[in-house]
Each structure stands twice: as structure tokens, then as C-alpha cells.
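> structure for this input, please:
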Amino acid sequence: MANNKLSLEKYIEWAEKEHRALYEVMLEDNAKDMDTAPIAIEAKMQEMLQVMQESIDFGLTGVRSRSGLTGGSAKTLAETMAKPGYKSLLGPVAQDALVYALAVAEANAAMGRIVAAPTAGASGVLPGVLFSLKKHRNLSNIDLQKGLIVAGNIGMVIASRFSLSGAMGGCQAECGSAGAMAAGAAVSLLGGSAEQVGHAVAIVIKNMLGLVCDPVAGLVEVPCIKRNGGSAMQALLAAEMSLAGIKSFIPADEAIDAMKEVGEKMPCAFRETAEGGLANTPTALAWAKKYFSK
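So this is what the prediction gives:
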């Protein structure tokens, strides 16, 4: 599969033809392309998982960003949900995925160390889903390692067919891609088939198609942090549907190609320039003026 335009459908066909897990064929392909041993890639995945865990822990301390615009939401949410008698609208898996996603995104805004999976601005989505599943589905770091391989390859497919950059295609390319990666990883971790992974990826992309990138003052804080939480929820709902046997009418590769078309037609004001959307609201403009006047 060493070509300029990767295909998730080809990975799925390969896995199904050889009756192998999706992560196995992806790992084999990665090792061949990188001219390295699979064990070296697996070791790198473990390093990334450690950083993800540390970023969750850092975010949960209630850190604030250097600008002072954001921070503390993950800690507040975690503490509120832990109160006796609190009636959450979410189940335990979604609760923790949301908290962890916010924690990592806040750690990033506070200049903490994160794994850009696939970008810094969308770095909370994948660890949010992975570590919530680890906690509530009794998974090990070896299990998460396999999920991370699937997620990484989904990201590479998207990058080869379009982009992972908000400046290129809006937040659909960042949080949308992160959600697709997390959904695919979740399905794989929970015993779904390679085909079901593809459906989960497509569902997320369809649900997040056209999402603009409009950071207030050009900072990766508002609305980016809360979008990480929302994208983690999109990943879980897509995985839920796919594992239940619900299929996407549009295949994953075609959904990615549609995202490319939308991104290329998206006005520049909605592609990380802070010239449109939420960044252009009176509240955002007033805050940015005050912030930069300092």
C-alpha cells in the first residue's frame, strides 16, 4: 500500500481476505513501509499512551491556559459528576471520555506535553475515548496499543486523501478526523470487524462534515477545547451504531473524499484564520482586542 493515496477500504479487504484483525495487517504494512520491526512500532505506541495518560492527569489538576481564557473545566466536570446524588445525562463510559478529552485539550492549552493525535488542537479526542474504554471495559495497555495502531492508520488514510489541518479544511479535518480515528479504534478494541471499523469512521465524518475552524483570537482554546469533548461523544455514538450492525451508506474512503471537497470549498474565514464564525462575534473580538493590547 505504499502509494500517495491510501485506502481504508483496501485495509479492510486485506484483513477480511486473510481472516486477520485489522490492526495486524496495518501493523505489518507500517513495519514494511518504515523498514522497521513491528515491535519497534508497538514500543512507540506504548510511549504515546504514557504521554496521553500524563496529559489527562495534568489536565485534571485544573490547569489554566497562558492566556487565562480557559482552564479548569475537566476538573469541575469530574468533581461535579462524582458528587453523591448527581444525576448525569451520560453513562459512565461517555462521562469519562468527555472528562478526559477536556483534560487533554486543557493540558495542551496550558502548554503541557500531549500527543498530537492527529493535531494538538484535537489531541483530547483519542485519549478520551481510549482511556475511558480502558477503565470501563477492563482493557490493558496492550489492548490500547492495538487500538492506537488502528487509529493512527485511519489518520494516515485521511491525511493522504485530504488533510488533518484546520487551516486546510476547517475543524472537520482536525476534530472530525480525531473522532473518526477514535471511533475506529473503539470498534476494533471492542471486538468489531474490520468492516464495522470502516462504518464507524464514515459515520463520524458524515456527522462532522463542514465543521469550521474559528478559534477566538487565533488561540487553540475557544471553541477547540469543548469541541474535543463533543468529538469524543461523536466517536462513541458512531462506534455504538456500528457495533450494533448499523452501516454507513457512504463508504469511509468516499466520506473522506467528500470532506476534502467541502474543505476546499470552505471560505478562508472559516479555516483557522480567526476571521469568521465564533472568532468574529462581538464577545470574541472584544476579548481579543483586550488580550493583544497587553
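> now the residue lying closest to residue 111 once chain neighbours are set aside. Its backbone dihedrals?
Once flanking residues are discounted, residue 111 sits nearest to residue 66: 6.2 Å by CB to CB, 6 or more residues apart in numbering. C-betas here are computed from N, CA, C, even on glycine. Residue 66 has phi and psi values of phi -60, psi -30 when expressed as degrees, to the nearest 10.
> quick one: the helices in this structure?
Shown for the chain, the helices assigned by DSSP state H span residues 8-18, 22-34, 38-59, 73-81, 92-109, 125-136, 141-161, 166-169, 175-189, 194-208, 224-243, 252-265, 282-293.
> could you give the average pLDDT over the last one?
Think helix 282-293. Mean pLDDT, helix 282-293: 97.
> swap in stretch 65-80?
Across stretch 65-80, pLDDT averages out at 98.
> straight-line length of it, end to end?
21 Å (CA to CA, to the nearest Å).
> and what of stretch 54-72?
Chord length of stretch 54-72, first to last residue, is 16 Å (CA to CA).
> could you pull out the buried residues of that stretch?
54-56, 58-60, 62-63, 65, 67, 69-71 (16 or more other CB atoms under 10 Å).
> which one of these is nearest residue 256?
Within the buried residues of stretch 54-72, distances to residue 256 taken as CB to CB reach their minimum at residue 55, with 27.1 Å.
> correct me, but that closest one touches residue 111?
No. Under the contact definition of CB atoms under 8 Å, residue 55 does not touch residue 111, with a separation of 11.4 Å.
> what about residue 176, how many residues nearby?
If you count neighbours by other CB atoms under 10 Å, residue 176 ends up with 32.
> any idea how far the residue nearest to the spatial centre of the chain is from residue 240?
Geometric centre of the chain, nearest residue: residue 178, 2.3 Å, by CA atoms, centre = their mean. Spatial separation of residue 178 from residue 240 under the definition CB to CB, to the nearest Å is 18 Å.
> other residues contacting stretch 13-22?
By CB atoms under 8 Å, 6 or more residues apart in numbering, the surrounding residues in contact with stretch 13-22 are 11-12, 24-25, 146, 150, 188, 193-195, 197.
> mind listing what's buried in stretch 149-163?
By neighbour count on 16+ other CB under 10 Å, the buried set for stretch 149-163 is 149-159, 161-163.
> then stretch 176-190?
Along stretch 176-190, these residues count as buried under the neighbour rule (16+ other CB under 10 Å): 176-190.
> so for it, mean pLDDT?
Averaging pLDDT along stretch 176-190 gives 98.
> distance from the chain centre to it, please.
With CA atoms, centre = their mean, to the nearest Å as the basis, stretch 176-190 stands 8 Å off its chain's centre.
> kindly report the same for stretch 15-29.
Distance, centroid of stretch 15-29 to centroid of chain: 22 Å (CA atoms, centre = their mean).
> for stretch 66-83, what is the distance to the chain centroid?
20 Å.
> for that stretch, which outside residues touch it?
Contacts to stretch 66-83, defined as CB under 8 Å, 6+ apart, come from residues 59-65, 86, 88, 95, 98-100, 102-103, 106, 109-111, 216-217, 219, 221-222, 225-226, 287, 291.
> are any of those buried, and which?
When neighbours are counted using 16+ other CB under 10 Å, the contacts of stretch 66-83 contain these buried positions: 59-60, 62-63, 65, 95, 98-100, 102-103, 106, 109-110, 216-217, 219, 221-222, 225-226, 287.
> mind checking how far the closest residue to residue 173 other than its chain neighbours is from residue 262?
The shortest distance from residue 173 to any residue other than its chain neighbours is 5.2 Å, reached at residue 163 (CB to CB, 6+ apart). Distance from residue 163 to residue 262, counting by CB to CB: 12 Å.
> need the overlap of contacts for these two.
Common neighbours of residue 163 and residue 262 (CB under 8 Å, 6+ apart) are residue 169.
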